[in-house]
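*Asks:* 3D, please:
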Amino acid sequence: MSRLPEIKEGDDSLSIRAAWLHYVAGMTQGEVAARLNVTNVKAHRLIARANQNGAIKISIEGDIAGCMALERQLEATYKLGWSQVVPELHEHGMPIKALALAGGRFLQLEIEGGQSSLIGIGHGRTLSAAVSSMPKVDASKVRFVSLLGGVTRNYRANPHDVMHRLTERTGGAAFVMPVPFFANSAEDREILIAQRGVREVFDLASRADTMLVGIGTTELSAQLVASQMIEASEISEVREAGGVGEMLGHFFDRDGKPIETSLSARTLSPDLSVLRAGRIIAIAGGDDKLAAIRSVLRSGFLSGLITDERTAERLTRQDEGWL
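*Replies:* This is a model prediction of the structure:
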């Protein structure tokens, strides 16, 4: 195939053209490169750009019977109002891609459905990936609010805070909680919350129609430690007290009971009494998080769960000494 004269268009327009040729016309990336008179590397980048900008919307109709059966089992076992189990993508380690696609789709439908006018958002790798996977959508009638402090103990930016990315994707108003996840002391927590602006955002977070959260572990390698939200000695204290799972800075033992540690009175997120009354949807999966997910599921705080097929199978298995 001979090359056409080089097309002089901005990369946004050219990326759409490349994506159309690849996904609709069925061309390989090499054929797209030849058609657009660009290098193979450039063609790959153009198609990837169209994906990242939300230009590609692939819809696969129908349900997977095995996943649906697992959903019913999860809901019955853990008394959930709703769940979604996504097919196994055979990822190594954490199933971040599968969870991100499902989480992004859930958030998109929440926005487009108009049932939630105020959506509370946690943070973490999975939620960050979910927002990144979501196509651009009009959320001019929806507000987003951070459910917890968005900076580290040393006041560094949290790399997994998603509020700014949400604004870019949706155009919706996003309210950030400009405080650490955990205060240095209970007294400092009250001082921080009392600050003008912080109090308003904190109250807004407590009134969220839907809360989309992640689930953390209490391992020494936990994201809370890696992102410098807390110190290794503090997570060790949680473990010694029986802590297994974490949600929005609240820790639970293997039976789902909240545990009290020195962190409890310093957590800058909605109180458990507020969470008990809310609609909380968690996105979590992976072998490393299995015990943590079970812990939070057994707490009774979750209204729904988005997880992957392998994790769902293990969560519903009867021979692991948990159920």
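
*Asks:* please enumerate the strands of the stretch 1-150 of the chain.
*Replies:* Per DSSP state E, counting those that start in this stretch, the stretch 1-150 of the chain carries strands over the ranges 82-86, 118-121, 143-146.

*Asks:* kindly apply the preceding question to the stretch 151-300 of the chain instead.
*Replies:* Secondary structure of the stretch 151-300 of the chain (DSSP E, counting those that start in this stretch): strands at 173-175, 210-213, 216-217, 245-247, 250-252, 280-283.

*Asks:* can you say which of these is nearest to residue 95?
*Replies:* Nearest to residue 95 among the strands of the stretch 151-300 of the chain is strand 280-283 (10.6 Å), distances taken as C-beta to C-beta. Any C-beta I mention is one placed from the backbone N, CA and C, and that applies to glycine too.

*Asks:* packing partners for that closest one?
*Replies:* helix 96-113, helix 125-133, strand 210-213, strand 304-308 (3 or more C-beta pairs under 8 Å, 6 or more residues apart in numbering; DSSP states H and E).

*Asks:* just checking: what are the partner strands of it?
*Replies:* According to DSSP bridges, strand 280-283 forms sheet pairs with strand 210-213 (parallel), strand 304-308 (parallel).

*Asks:* gap between residue 190 and residue 146?
*Replies:* 19 Å (C-beta to C-beta, to the nearest Å).

*Asks:* compare neighbour counts for those two and give me the winner.
*Replies:* The neighbour count for residue 190 versus residue 146, taken as other C-beta atoms under 10 Å, is higher for residue 146 (28 against 11).

*Asks:* hmm, residue 202 and the more buried one touching each other?
*Replies:* No. Using C-beta atoms under 8 Å, residue 146 is not in contact with residue 202, being 9.5 Å away.

*Asks:* spit out the residues that contact those two alike.
*Replies:* Listed as contacting both residue 146 and residue 202 by C-beta atoms under 8 Å, 6 or more residues apart in numbering are residue 177.

*Asks:* dump the strands of the stretch 151-300 of the chain into JSON lines; add distance to residue 311 and mean neighbour count as well.
*Replies:* Formatted as JSON lines, the strands of the stretch 151-300 of the chain follow (distance: least, C-beta to C-beta, whole Å; neighbours: other C-beta atoms under 10 Å):
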{"stretch": "strand 173-175", "distance to residue 311": "29", "mean neighbour count": "18"}
{"stretch": "strand 210-213", "distance to residue 311": "16", "mean neighbour count": "26"}
{"stretch": "strand 216-217", "distance to residue 311": "13", "mean neighbour count": "24"}
{"stretch": "strand 245-247", "distance to residue 311": "13", "mean neighbour count": "26"}
{"stretch": "strand 250-252", "distance to residue 311": "17", "mean neighbour count": "25"}
{"stretch": "strand 280-283", "distance to residue 311": "11", "mean neighbour count": "26"}
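
*Asks:* out of those, nearest to residue 29?
*Replies:* Set against residue 29 and scored by C-beta to C-beta, the strands of the stretch 151-300 of the chain come closest in strand 280-283, at 31.0 Å.

*Asks:* tell me the mean pLDDT over the closest one?
*Replies:* For strand 280-283, mean pLDDT rounds to 98.

*Asks:* any idea how many residues pack against residue 317?
*Replies:* Neighbour count for residue 317, taken as other C-beta under 10 Å: 12.

*Asks:* secondary structure class for it?
*Replies:* Put simply, residue 317 is coil when judged by DSSP: H, G, I helix; E, B strand; the rest coil.

*Asks:* from residue 77, how far off is the spatially most central residue of the chain?
*Replies:* Closest to where the C-alpha atoms of the chain average out (C-alpha atoms, centre = their mean) is residue 127, at 1.7 Å. Taking C-beta to C-beta as the measure, residue 127 falls 24 Å from residue 77.

*Asks:* and if you look at residue 200?
*Replies:* Shown here: residue 200 relative to residue 77, a distance of 39 Å by C-beta to C-beta.

*Asks:* looking at the two, which one has more neighbours?
*Replies:* Applying other C-beta under 10 Å to residue 200 and residue 77 shows that residue 77 carries more neighbours, namely 15 against 11.

*Asks:* which among the strands of the stretch 1-150 of the chain is found nearest to residue 247?
*Replies:* Across the strands of the stretch 1-150 of the chain, residue 247 has its closest neighbour in strand 118-121 (12.3 Å, C-beta to C-beta).

*Asks:* partners of that closest one in the sheet?
*Replies:* According to DSSP bridges, strand 118-121 forms sheet pairs with strand 143-146 (parallel), strand 210-213 (parallel).

*Asks:* now do that strand: distance to the chain's middle.
*Replies:* Offset of strand 118-121 from its chain centre (C-alpha atoms, centre = their mean, to the nearest Å): 12 Å.

*Asks:* give the residue spans of the protein that score low on pLDDT.
*Replies:* Applying pLDDT under 70 to the chain flags residues 1-11, 24, 57-63, 151-161, 228, 318-323.

*Asks:* and the helices in it, which stretches?
*Replies:* Using DSSP state H, the helices of the chain run over residues 11-19, 29-36, 40-52, 65-78, 96-113, 125-133, 163-170, 186-194, 198-206, 223-226, 232-240, 272-277, 290-299, 309-315.

*Asks:* if anything else comes up later, I'll come back, but that's it for now.
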